[in-house]
Each structure stands twice: as C-alpha cells, then as structure tokens.
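Participant: no letters, just coordinates:
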C-alpha cells in the first residue's frame, strides 16, 4: 500500500499563477487529474503578501471526494515568498484514505515545511482500530485551534455535508458507555452545603447566591477530598456539553471506520470537547497530591486523568454487572400502560429498599446524589400512577 502523495501545485513566482513542477507529481492518474481540475476553481488563492507570517499556511481544508472515494487535502496561501498570490496545492493519498489518514499524514508536514511533497512517504498511517497520539492530536486540532489557524472540514456540497452528518449520527454508543458518561458527569455538580432541599444541593445554587464558592466548598467536610472528584472542579456539565461530547464521540468512531463507538473513542475526544466546559479548582487537594501539580497547567492531561479516575471508581463499584438503578430505569422505560397494581407496589418497595440501603452511607458523593434524584423521580411517578389506579 503506497503512502506517497499525489500532488498538484500552482504558485506565483513573479510570472503569474502557474503549475509548479518542483512541488507537483510528475504525472497524475487521469481520474485524480480530472478531480483536481474540477476542485481548483472552488479555492481562490489567498493573498499572503504583507502578512506578518508570510511563510505560514493560511488554510488547510479536507474535502471528501465521492469520485475518488477518498479525501483530498487543499492547501491555500502558503509560501508567501512567491509573491502576493501565494499558492494553491491539492494532494491525494491513494488507497481510499480516511480523513484521519489525511490529517495525520499532512498536518505535521504542512506545518513544518508548508508543503506536501510528491513522492515523499507520509508519516506512518494510523490503523483505523488502533488509535494513538496522532489521532488524538489530529482530532484535537479540529476543536482546540484558535480561529485564525482552525482546520476547516468541508466535505463538499450541502448534500454531502448532510450525508456525512447523517452517517456520523448513525454511529451507535453502547449503553455501557453511555452509563460511564452519565457516571462521569454526575461527579461534579453536587455540593451538599449549598442548600437544605436535596434538589438544590448544587454548585450552581451556591454560585447564584453570590456567596464565594470556595467558602461554601470549604464547608463540605468529612469526605475524602482527593477521592471526591467533584472537589476538582468549580462547576458541573451542562446538557449541551454532554450532547456535544456524544456527537464528537460518534464522529471520531466514524472517522476511524467504525459503526459503534468504543470507550477509547470517548477517552480520546473527551478532553478536547470539555477543555473549556469544565473549570478546574486549582485549590483542590487533588492538585497538591504527589505527581498531580502538573495538572494545574495541563488541562488536557487533567481531564483525561479525571475520566480515568471516574472509570476506575465505576469499575470498583462493578456497575457494568451490578447496577440496580439501571434495572429500575429499564423497567420504567417500558412504560406504565398495563402495569398491574401489584407490580407497581412491588417496584415502589424495591425503590424504597434501595433508598434505605444508600442512606446508611454517612457521606454522599456526586454519583450517589444523581442516582438519588432519579430514584426520587421514579418513586413519584410510580406513586402517582398507583394513586390513579386505585382511584379510577
């Protein structure tokens, strides 16, 4: 399997915009040449003369080509030394390259030299099912770069964009991974001293009160503040942030060629999605623990560590195999229509027994708080339904 770029480059050396044989492949397959010719008019040159960074890449675009069945890299506005017109380069990596193949093969080379050279072997291509730091950096580039250097992903016309979006959203996330996301997200919003009523014991309540959040958090005593993941953040996660996380988890799985997301897909993309969503509390005892001081500045590393700790606790609780709340939710998810009175009473008893068991714990952590709210909701729904059954 070749790893050479097929490249067509046009640049301005002072005599006008023309083919650049030094940075173009000696020959291109007819189908590739035809596709390049069709794409060139869609990408006007970007003026780089007078730019403070005349040698820099202006825009790198990754465009899916149905005709070639692969992705094409478009580099605009590089090499300002060739005049104000800059350059336009189209490059193709054969053998049905995925987006990640193109990104991991092109981004480091373009950023270093400004060009994709014909015949130059690309970096070792990422195996679709063996993610590594190259994939992490590439997908991170889509999320973390500032707007002036953002990588653009333009699959083509609106129909192609819609089709790509449809295919990404069709990727499934298994229930056990969704449960881990739920468990992770539940760690951060709970703040016991913030209110008397259970539903309002949150950091958001404390923040809206105008009282210094650190002062309220300092009142939360009696728990292991290194073990309690909630002490590491100053806020919780919004529904919008979680929905974004789900979509990007599906996207990275899709670009790896999979129809179902894995735990590693989630682990790799989570820090980039939540980078500006979850605010660390640098005063947390966690950051004072040996080896953890670096996470005060390494936001990506901290978020991944945070997720790993959450998964470790999830595994310790054996929730994949013994999750009583999941069973209760599954029952409720089937609906109440036709459920007899005796069964409703039986389910209420199971909820009350679980609540009594959990109440024996002296201290409440975020994931328990979240589960208690769900149990309370289920109890209310079943009680209302039982009242309706007995009064109809």
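Facilitator: In hand now; what should we look at? What you see is a predicted model, and the numbers here were worked out from it, not measured in a lab. Numbering: from 1, shown residues only.
Participant: from here on, contacts and neighbour counts on C-alpha atoms
Facilitator: Noted.
Participant: buried sites along the helix ranked longest in the chain?
Facilitator: In the chain, ranked by residue count with DSSP state H as the criterion, the top helix is helix 366-391. Neighbour counts over helix 366-391 (16 or more other Cα atoms under 10 Å) mark 366-372, 375, 378-379, 382, 385-386 as buried.
Participant: in the stretch 51-200 of the chain, which spans are strands?
Facilitator: With DSSP state E, counting those that start in this stretch as the criterion, the stretch 51-200 of the chain has strands at 59-65, 70-76, 87-93, 152-153.
Participant: mind listing what the second one pairs with, with the direction of each?
Facilitator: The reference is to strand 70-76. Applying DSSP bridges to the sheet, strand 70-76 is found paired with strand 59-65 (antiparallel), strand 87-93 (antiparallel).
Participant: just for the stretch 251-392 of the chain, where's the confidence low?
Facilitator: 362 (pLDDT under 70).
Participant: now do the helices in it.
Facilitator: 263-273, 299-316, 324-333, 341-358, 366-391 (DSSP state H, counting those that start in this stretch).
Participant: what stretches of the stretch 51-200 of the chain score poorly on pLDDT?
Facilitator: 51-58, 77-86, 95-98, 100, 104, 108, 111-113, 120-161.
Participant: change it to 80
Facilitator: Applying pLDDT under 80 to the stretch 51-200 of the chain flags the ranges 51-60, 64, 66, 69-70, 76-87, 94-115, 119-165.
Participant: circling back to that earlier point, of the strands of the stretch 51-200 of the chain, flag the one that's most buried.
Facilitator: Most buried of those, by mean neighbour count (mean count of other Cα atoms under 10 Å): strand 87-93, with a mean of 25.
Participant: what's the burial count for residue 183?
Facilitator: Applying other Cα atoms under 10 Å, we find 21 residues neighbouring residue 183.
Participant: ok, which of the strands paired with strand 70-76 comes nearest residue 6?
Facilitator: Of all the strands paired with strand 70-76, it is strand 87-93 that lies closest to residue 6, at 5.1 Å by Cα to Cα.
Participant: now find how far off-centre that closest one is within its chain.
Facilitator: Mean C-alpha position of strand 87-93 versus that of the full chain (Cα atoms, centre = their mean, to the nearest Å) differs by 28 Å.
Participant: now do stretch 378-387
Facilitator: Once both centres are worked out by Cα atoms, centre = their mean, stretch 378-387 turns out to sit 37 Å from its chain's centre.
Participant: equivalent analysis for stretch 235-254, please.
Facilitator: The answer for stretch 235-254 is 6 Å, by Cα atoms, centre = their mean.
Participant: for residue 304, give me its contacts.
Facilitator: 267-268, 270-271 (Cα atoms under 8 Å, 6 or more residues apart in numbering).
Participant: could you export those as JSON lines, including distance to residue 193 and neighbour count?
Facilitator: Below are those laid out as JSON lines (distance: Cα to Cα, whole Å; neighbours: other Cα atoms under 10 Å):
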{"residue": "267", "distance to residue 193": "32", "neighbour count": "17"}
{"residue": "268", "distance to residue 193": "34", "neighbour count": "22"}
{"residue": "270", "distance to residue 193": "29", "neighbour count": "23"}
{"residue": "271", "distance to residue 193": "29", "neighbour count": "25"}
